[in-house]
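*Asks:* here is a sequence together with a model predicted from it:
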Amino acid sequence: MTKIKVIIPAYNEADSITHVINDIPAIVDEIIVVSNNSTDNTDINAKNAGATVLVETKKGYGYACLKGMQYVANQVNKPDIITFIDGDYSDYPEELSKIVTPIIEDNIDLVIGARVKELREEGAMTIPQIFGNWLATTLMRFFFRAKFTDLGPFRAIKYDKLLALNMEDKTYGWTVEMQLKALKQNYTYTEVPVNYRNRIGVSKVSGTIKGAIFAGAKILGWIFKYSVKK
């Protein structure tokens, strides 16, 4: 039986986190919510919904993901697959089953949930997000012949392959770092089209000019760093 764990980084997602947890398929062994210094009831709501709740006081998407990975690393029984999904309910957690299918059935190393236009609710991604994704994936195609079309946060990866990446980004570069390192190590990968809706609450990244600029800079920084290393 394939052992699957989910890591959900969450910062002030009290209104959405219960929905996310409740919609995750029963094939998952453990749901790990990492409250990234939340000041609302994210922690309480996640715990009441049945999730394991960790607290990471250092603010940053990558910090939260690394906290979740550290927790898993300390467990006796390791999972086969780690999945990541945001806590804002913009993704459809029930689609996790199709995210992990290429790994289970086709032995793929990494699967990205691609937020394709046809399945995306109007307004769910901002113009800077759409442009940023296009620019980043275009550069990845140019420098690395990658076939990625999205940097979507909803993703699954074999646990041993995740460990081998030695993830290090602490903030907004987490997703692109994973994809770039997977390319460098010649991992097999694919994308699965996923539905995407307007999130509950206000985005901490795309919802602010500062957040959007910082995220864009981090993403481009990783791409150019790896293009030089080629």
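*Replies:* Yes, it's here. Residues are numbered from 1 along each chain as shown.

*Asks:* only C-alpha atoms from now on, for both contacts and neighbour counts.
*Replies:* OK.

*Asks:* point to the helix or strand of the protein where mean pLDDT is at its lowest.
*Replies:* Lowest on mean pLDDT, DSSP states H and E among the helices and strands of the chain sits helix 209-229, with a mean of 69.

*Asks:* next, Y89: phi, psi?
*Replies:* phi 70, psi 20 (degrees, to the nearest 10).

*Asks:* P153 versus that one, what's the distance?
*Replies:* Distance of Y89 to P153, computed by Cα to Cα, to the nearest Å: 12 Å.

*Asks:* which one of those two is surrounded by more residues?
*Replies:* For the pair Y89 and P153, the greater number of neighbours falls to Y89 (23 against 19), based on other Cα atoms under 10 Å.

*Asks:* distance check, the more buried one against W222.
*Replies:* 27 Å.

*Asks:* got it, and D106?
*Replies:* From D106 to W222 the distance is 29 Å (Cα to Cα).

*Asks:* neighbour-wise, which of those two wins?
*Replies:* More crowded of D106 and W222, by other Cα under 10 Å: W222, with 18 against 10.

*Asks:* was I right to think the more buried one contacts E177?
*Replies:* Yes: contact criterion Cα atoms under 8 Å: W222 and E177 qualify, at 6.4 Å.

*Asks:* list the contacts of the one residue sitting closest to the centre of the chain.
*Replies:* Nearest to the mean C-alpha position of the chain, by Cα atoms, centre = their mean, lies P153 at 2.9 Å. Shown in contact with P153 (Cα atoms under 8 Å, 6 or more residues apart in numbering): 84-86, 112-113, 175.

*Asks:* mind running it again at 10 Å?
*Replies:* Shown in contact with P153 (Cα atoms under 10 Å, 6 or more residues apart in numbering): 8, 83-86, 91, 112-115, 174-176.

*Asks:* which SS class is it?
*Replies:* At P153, secondary structure determined by DSSP: H, G, I helix; E, B strand; the rest coil is coil.

*Asks:* for the host helix or strand of N45, buried residues please.
*Replies:* Assigned by DSSP states H and E, N45 falls within helix 42-48. Neighbour-count burial for helix 42-48, counted by 16 or more other Cα atoms under 10 Å, picks out 42-43, 45-47.

*Asks:* coming back round to it: overlap of the contact sets of W222 and E177?
*Replies:* The contact sets of W222 and E177 overlap at D169 (Cα under 10 Å, 6+ apart).
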